[in-house]
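> sharing a sequence plus its predicted fold:
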Amino acid sequence: MCGSGIYGDISLDDVRIYDGPCANNTVEPAVVAIDFLKAGCNFEFDDICNYTQDIADVFDWRRNTGRTPSSNTGPTNDHTYTTSVGHYMYIEASRPRREGDKARLLTQIINNNNTDICISFYYHMYGRGIDFLKIYKKDVGGGLPLDPIYVKHGNQRNVWRLEKVDIKGQTENFQIVFEGTVGNTAYGDIAIDDIEFHAVACGKENLDDVVDFFACDFEGNSSSLCNFEQSQMDNFDWELRNGSTHSLETGPSADHTYGNSKGQYIYIEASDPRRPGERAQLTSPPIDPSTDHVLCLQFWYHMKGEHVGSLKVFRYFYTEGYHQRLMNIEGEQGDRWIEALIPINYDVNNGFIEERIKILLTGVIGKGHLGDIAIDDVSITSHHCFPSGESTTVTELSCDFESGLSQCGFKQSVSDVFDWTFLNASADSQDIANFSTATEGQTNFIYLDMARRGRGDVANIATPTILPNITNRCLTFKYFMKGDAQQQLNVYILGVSGLNDFVGSVSLKNSSQWKTSQFDISVKQDDQQIMFEGVVGFAPRGFIALDDITVKFGTCVRGNIKATIRPTPSSLPSASSNQEKNATTDNNNDDDDDENLDIVSKLFISFTLILLFMILLSVAILVVRRRFVKKSRQAKDEQQFPYSTNQNISADLAVDNPAYEVSILSNLS
């Protein structure tokens, strides 16, 4: 209310409302402490896990995505998803901030039940003006302690770093306080992300539960979830269920294992109180990856309903502590169980992974209540990543042929001339040079023997059907080719519409080692298959071998690029003869593959150029010599007859000058 003059301004600041009665002489909320296992936060939601800003500091922490406003400081992405979509908390060191200003972020009130616990978190401290990041353990009702339990100072480079802090067991409630201090320049942004609380002292994680394979159908002991754990960093939990879900027109009516209402599966319930974007995450036990063969995550999912959100699978690196997305399926997929197969220990760009990992299964709520997502029959298998006999569709592929051709789900074409053959190098005695170099410790692959075949004979082999994808996929395979120069290895996409899209071609490069090739598989709206076509050259000799075939989400990392266009294979009756072919690339890892001519051709061309140069040089020498001889003769004649040809000289001189007389006679005539 205004007073009687101009000197009557009234201000308010730091207005807050807490649940429960007000406490005397303190700003602490009078609320019940939460269990420490639920106190973690990845800051992906607006409520920032009910963390609070301290009212006794100078400024506040900010929630952000992507880069901070200042250049040369702060992270470019969050840590959780390592993308510009994920969120983190940070302090902005630019104006109006001054050196020494502090911002403090407090967790919820925690009780650790007299148990020693470990706090893990990620920090980012990059910039020449970075000052201090400190962590305090603040007892409820008390002030900020003088001594922090953790201190980090100065520029730590442009990376997210993992840190762990021990908290001794106590019966009193407490809060964890993250304090960031502004340095002497604007290049001092400090960020934090992925705070977790663990029921064990730091460095004493139990490794007895580490696995390299498992299978779970969610039957039997329903409380264990087969050693899967509900994440404390999400909004709600996956639930065990049998039969139909609570909502009509969404969710399965039976499990996948038994196909009846008694079998169990896990699912996320999209009805109230769930909201769009909320997540439920299930974490696998630690997995020790193999470094000599593929480990495949296999599970079945059900995504029926017009409001279905998304199902994501992440690979979590246990030591380094960062996530990598392996799969993302969005929207309704029909009233069916669909098999997902993902190679979890192999990366198309870096090869086999040696670090211990976990698998995170994340369900995200869509825009309405008709969005239940279910999972069943989760397992890890060895050596191949192709569908079981009952499956007709897959999401990703990986096969090293160590378990044979049939286990990988490839199908031979019935409209070609001959077939691809599986070879076990330890049992077969085929004369294929250097076959043992396919991959270290692996000697099984498929191949085409060109002997006794006719010119242009074709052999086709195709993968199982691949589900439509919302992002590009990368096809990677190893090949070995020997034989005629016209021999071909082509790759096509076979669509359900009957049209074949050319992907790329690998030209013959006679060598003594296997080579790797990659092709991007573009976004498709329909189911599709990938087909490998081998074509016999002019001479019936040599072979083509294939091994370590993978199809994974993401774009291939580009190296040496070479465009190739070839016609649609005539041996396929579904091919369209007038279809426009797409130019694609053959990305080989060896620099020697950039050559388009063999050594003999290069030597012939070099010899021809040298010969032509010698001919031109000889002609030039002859021309110069002829001109030189002509000038020499003229000079010699002038020395032999040194008389003037001038007609105006005196007659006395002309009498003895034959040249003069000849000149006069010519003039008279």
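Received it, and whenever you're ready, just let me know what you need.
> top helix in the protein by residue count?
As far as residue count goes, and with DSSP state H defining each element, the longest helix of the chain is helix 599-640.
> any idea of the mean pLDDT for stretch 72-80?
Here stretch 72-80 scores 90 as its mean pLDDT.
> can you give me the buried ones in that stretch?
Residues 73-75, 77-80 are the ones in stretch 72-80 that count as buried (16 or more other C-beta atoms under 10 Å). (Each C-beta comes from the backbone N, C-alpha and C, glycine too.)
> now the terminal residues of that stretch, how far apart.
22 Å (C-alpha to C-alpha, to the nearest Å).
> contact partners of it?
Contacts to stretch 72-80, defined as C-beta atoms under 8 Å, 6 or more residues apart in numbering, come from residues 42-44, 65-68, 83-88, 90, 93, 122, 124, 126-130, 158, 160, 186-189, 191, 193-194, 322-323.
> what's the distance between residue 553 and residue 183?
Distance from residue 553 to residue 183, counting by C-beta to C-beta, to the nearest Å: 40 Å.
> next: residue 243.
For residue 243, the distance to residue 183 under the criterion C-beta to C-beta works out to 60 Å.
> got the buried residues of stretch 72-80 as a markdown table, with secondary structure and distance to residue 549 columns?
Conversion of the buried residues of stretch 72-80 to a markdown table gives the following (DSSP: H, G, I helix; E, B strand; the rest coil; distance: C-beta to C-beta, whole Å):
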| residue | secondary structure | distance to residue 549 |
| --- | --- | --- |
| 73 | coil | 44 |
| 74 | coil | 41 |
| 75 | coil | 37 |
| 77 | coil | 31 |
| 78 | coil | 34 |
| 79 | coil | 33 |
| 80 | coil | 32 |
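> residue 460: which of the residues you listed is nearest?
Nearest to residue 460 among these: residue 77, at 42.6 Å, using C-beta to C-beta.
> now do the closest one against residue 160, distance only.
Looking at residue 77 against residue 160, where the rule is C-beta to C-beta, the gap reads 9 Å.
> which residues in the stretch 1-150 of the chain form strands?
Ranges of strands within the stretch 1-150 of the chain are 34-35, 52-53, 62-65, 87-91, 102-106, 110-111, 117-125, 132-139, 150-153, based on DSSP state E, counting those that start in this stretch.
> so which of the ones you listed is the most surrounded?
Ranked by mean neighbour count, the strands of the stretch 1-150 of the chain are led by strand 87-91 with a mean of 24 (mean count of other C-beta atoms under 10 Å).
> who are the packing partners of it?
strand 62-65, strand 174-181, strand 190-198 (3 or more C-beta pairs under 8 Å, 6 or more residues apart in numbering; DSSP states H and E).
> recalculate using a threshold of 7 Å.
For strand 87-91, the elements it packs on are strand 62-65, strand 190-198, judged by 3 or more C-beta pairs under 7 Å, 6 or more residues apart in numbering; DSSP states H and E.
> so how far is the next helix or strand after the longest one from its chain's centroid?
Looking back up the chat, that one is strand 190-198. Moving toward the C-terminus from strand 190-198, the next helix or strand (DSSP states H and E) is strand 215-216. Using C-alpha atoms, centre = their mean, to the nearest Å, we find the averaged C-alpha position of strand 215-216 to lie 27 Å away from the chain's own average C-alpha position.
> give the pairing partners of strand 215-216; include direction for each.
strand 373-382 (antiparallel) (DSSP bridges).
> what comes up buried for the strand it pairs with?
Within strand 373-382, the residues scored as buried using 16+ other C-beta under 10 Å are 373-378, 380-381.
> next one: stretch 343-358
With burial defined by 16+ other C-beta under 10 Å, the residues of stretch 343-358 counted as buried are 343-348, 352-353, 356-358.
> could you give the mean pLDDT of that stretch?
If you average the pLDDT over stretch 343-358, you get 76.
> start and end of it, how far apart?
One end of stretch 343-358 sits 13 Å from the other (C-alpha to C-alpha).
> likewise for stretch 136-150?
Using C-alpha to C-alpha, the end-to-end distance of stretch 136-150 comes to 7 Å.
> and for stretch 266-279?
Its start and end residues considered, stretch 266-279 measures 14 Å (C-alpha to C-alpha).
> buried ones in it?
266-270, 274, 278-279.
> among those, which are in strands?
Using DSSP state E, the members of the buried residues of stretch 266-279 that fall within strands are 266-268, 279.
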